[in-house]
Every structure is written in C-alpha cells, then in structure tokens.
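Engineer: build me a model from this:
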Amino acid sequence: MNGISVEACAKVNLFLRILGLRPDGFHELWSLAQSISLADRLDLEPAPGGIQLEVDGDPEVPSGPDNLVHRAAVRMLGHDPHPGVAMTLVKRIPHGAGLGGGSSDAAAALLGIDRMFGLGTPPGTLREHAAALGSDVPFFLEGGTAVLRGRGTEIEALPDGPHLELLILDPRRPLSTALVYAQVQEPLTLAGKTASIPGFGRIPQDPLSRVRLGNDLETHAERLCPDIPEMRRLLLESGARVAAMTGSGSAVFGLFDRAETAQEAAGRAEQRGFRALPCRTLHRSEVGAGRFSARAPGVGPSGGAGHGDHRRPGVPCR
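Structural biologist: Model (predicted):
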C-alpha cells in the first residue's frame with residue numbers, strides 16, 4: 001500500500017451573517033464560503049499500528065489527540081488500528097485566522113484515509129464524521145462556492161463564479177473562534193433578522209461579484225485584535241475592490257482585479273509587519289481534481305506539490 005498526499009485548501013467567507021443564538025448553544029448563521037488556493041498539505045503513510053501525527057510549519061498547532069486531523073483518523077480507523085497511519089501535516093494556512101485551516105485539514109484526513117485504505121466510505125457517513133468534528137468541516141469535503149446555513153453544516157453548493165485575485169493579511173495574532181462567538185449573545189430571531197437581509201435565501205448565479213460583503217463578527221473580533229480595521233484600510237487604499245474579515249478572524253482579505261496590484265499591496269502590508277498571502281479563488285472541480293497525489297517514498301515535508309506562489313491557477317491544490 002502506497003502513501004498519498006492530500007491538499008487541504010483554505011476558504012474565505014465572502015459574507016457572514018449571525019442570526020442569533022440557537023437553543024443548542026451554537027449560532028445560527030448564513031454565509032457564503034469560497035475555496036481559495038492557499039492550502040495545507042497532509043502526507044499519509046501506512047504504519048504497523050496506531051495513529052501518529054507530526055506537524056511541520058507551525059509549532060503552536062498540536063500534534064496529539066487535540067488536533068482535528070488525529071480525531072478524524074480515530075473516527076475512520078478506531079483508537080488503535082492495525083494497520084495504522086503515520087501523518088505529517090505541513091501547515092501553510094495561519095491558525096486562528098478564520099480561514100478554516102484546521103477544518104480543512106480534518107476533511108483531508110477523512111478523505112485521505114478513505115482513499116489510502118480503500119475503505120469506500122459512503123458520502124453520507126463522511127458527512128456525518130465531518131459534522132461531528134466541527135461545523136466548518138463538511139464544507140471542505142467538496143469546497144468550491146457554497147451557502148452555509150444553520151450552524152454551518154447545512155450546505156447549498158452554488159455554480160462556480162469567476163476566478164478572483166485575493167490578498168489575505170494575517171496580523172499574526174490568532175483568535176479563538178469560541179471566544180469571538182461568545183461575545184454574540186443575541187437570541188435567535190430568524191423572522192426579523194432574515195427579513196432585514198436583502199435577497200436572503202436567493203443567492204444570485206454570480207455571487208462573487210454581486211453579493212455585498214460583510215461579517216457580523218468583525219466588530220466583536222476588532223475588540224480582541226485592533227489590527228483588523230487597519231488591515232482592511234490598507235487593502236482598500238492599495239486598490240482592493242472590497243475588503244472584509246473572514247470567519248471569526250483574525251485574517252482580512254481583499255479582492256483585486258489584477259494579480260500585480262495584489263502583489264504590490266502585499267509588499268506594503270509586509271512593511272507594516274503583517275503576513276501577506278496572495279492567492280485566488282478555486283472552482284469546485286479544481287479542488288476535487290487537485291486534492292490527491294501519490295506520495296513518493298522518502299519525500300520529506302518540504303517536497304511535493306503546493307509550495308510557492310499561492311496565486312497561480314491550479315498549482316496549490318494538486
């Protein structure tokens with residue numbers, strides 16, 4: 001049995017509306033999620049037994065049972081499987097940034113283990129595993145452009161929009177998703193909230209260019225990370241058509257007409273101490289077709305696909 005590598009693409013929330021606090025403790029949300037070419041990579045190899053996980057590229061990401069990748073492997077194989085799996089997670093997506101890196105990594109583990117061991121897990125079972133691991137994980141099983149409802153696990157896939165250039169700015173200040181959401185204590189009042197949102201439930205066929213961006217969590221996250229409004233202003237002053245926070249923060253993204261303009265903005269941002277990550281939107285077919293690759297024996301964490309320019313079409317998610 002040969003090993004494989006799985007690319008785990010990040011996402012941005014082109015808009016995110018919080019409709020209130022649900023009785024189950026989660027928040028009812030309405031969001032438009034979009035896969036982007038920035039990606040982590042998960043390398044998997046068969047092992048004599050057990051589940052092993054090494055994390056390369058971010059010392060703050062845990063490598064044990066607290067990591068969603070490890071938990072995903074347990075759901076697929078059990079706590080002490082024979083044969084087992086040895087995994088190396090190569091981190092490029094900043095953690096605590098609202099880009100869904102941990103959730104995407106978990107989805108990559110579910111799909112990668114299913115593929116490597118030839119388990120043939122039914123799609124419905126994979127979705128159940130994904131929802132149990134986290135609200136964002138089901139989206140990453142397919143990616144592309146999708147409306148998320150409920151606590152994020154109700155997914156409506158949309159037709160692909162045009163490719164867009166993005167620049168993501170990371171303030172290097174991770175935010176706890178739970179801490180940001182804990183500040184939103186409004187009761188669930190769907191009737192009033194949805195009525196105030198133009199076009200609720202009726203996303204246009206070209207959502208990336210016609211839907212108004214915005215994020216209801218942004219004002220809450222700004223209290224914890226004052227860099228957020230500065231990054232948004234920097235992007236707009238540098239030529240972004242629009243700029244907004246993604247997820248629960250702390251990253252902010254801008255949409256640009258030209259890759260060259262985004263690269264120039266990246267230089268300005270890095271001079272101010274922000275991490276700048278140029279990338280682009282991905283179609284669903286690009287995510288699916290580019291997810292898996294054979295793992296050559298002896299290739300270390302620095303090898304394989306997905307390094308370098310996050311913006312070039314088709315490169316990061318192979």
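Engineer: in the stretch 51-200 of the chain, which spans are strands?
Structural biologist: For the stretch 51-200 of the chain, the strands defined by DSSP state E, counting those that start in this stretch cover 51-56, 84-90, 145-149, 154-157, 165-170.
Engineer: and the shortest one, what does it pack onto?
Structural biologist: Of the remaining helices and strands, those touching strand 154-157 by 3 or more C-beta pairs under 8 Å, 6 or more residues apart in numbering; DSSP states H and E are strand 145-149. Placement of C-beta: from N, CA and C, glycine included.
Engineer: ok, the third one next?
Structural biologist: Counting contacts by 3+ C-beta pairs under 8 Å, 6+ apart, strand 145-149 packs against strand 27-47, strand 154-157.
Engineer: for the record, mean pLDDT for the shortest one?
Structural biologist: Mean pLDDT, computed over strand 154-157, is 92.
Engineer: so what touches that strand?
Structural biologist: If you take C-beta atoms under 8 Å, 6 or more residues apart in numbering as the criterion, strand 154-157 is touched by 138, 139, 142, 144, 145, 146, 147, 148, 149, 203, 284.
Engineer: could you say which of the strands of the stretch 51-200 of the chain is packed most deeply?
Structural biologist: strand 165-170 (a mean of 26; mean count of other C-beta atoms under 10 Å).
Engineer: ok, and what's touching that strand?
Structural biologist: 12, 36, 38, 94, 97, 99, 231, 234-235, 240, 246, 250-259, 261-262, 265-266, 269, 274-281, 311.
Engineer: secondary structure element holding residue 230?
Structural biologist: Using DSSP states H and E, the element containing residue 230 is helix 227-237.
Engineer: if you count neighbours, what's buried in that helix?
Structural biologist: Under the neighbour-count criterion of 16 or more other C-beta atoms under 10 Å, helix 227-237 has 227, 228, 230, 231, 232, 234, 235 buried.
Engineer: picking that back up, of the contacts of strand 154-157, closest to residue 28?
Structural biologist: Nearest to residue 28 among those, counting by C-beta to C-beta, is residue 149 at 8.0 Å.
Engineer: got the confidence number for that closest one?
Structural biologist: 90.
Engineer: pretty sure it is touching residue 33, no?
Structural biologist: No. Taking contacts as C-beta atoms under 8 Å, residue 149 lies outside contact range of residue 33: 11.0 Å.
Engineer: so which helix or strand of this structure has the lowest pLDDT on average?
Structural biologist: For the chain, counting by mean pLDDT, DSSP states H and E, helix 190-195 ranks last in confidence among helices and strands (a mean of 43).
Engineer: tell me which element the residue nearest to residue 184 when sequence neighbours are not counted falls in.
Structural biologist: Leaving aside its sequence neighbours, residue 184 sits nearest to residue 18 (C-beta to C-beta, 6 or more residues apart in numbering; 5.5 Å). For residue 18, the host element (DSSP H and E) is strand 4-21.
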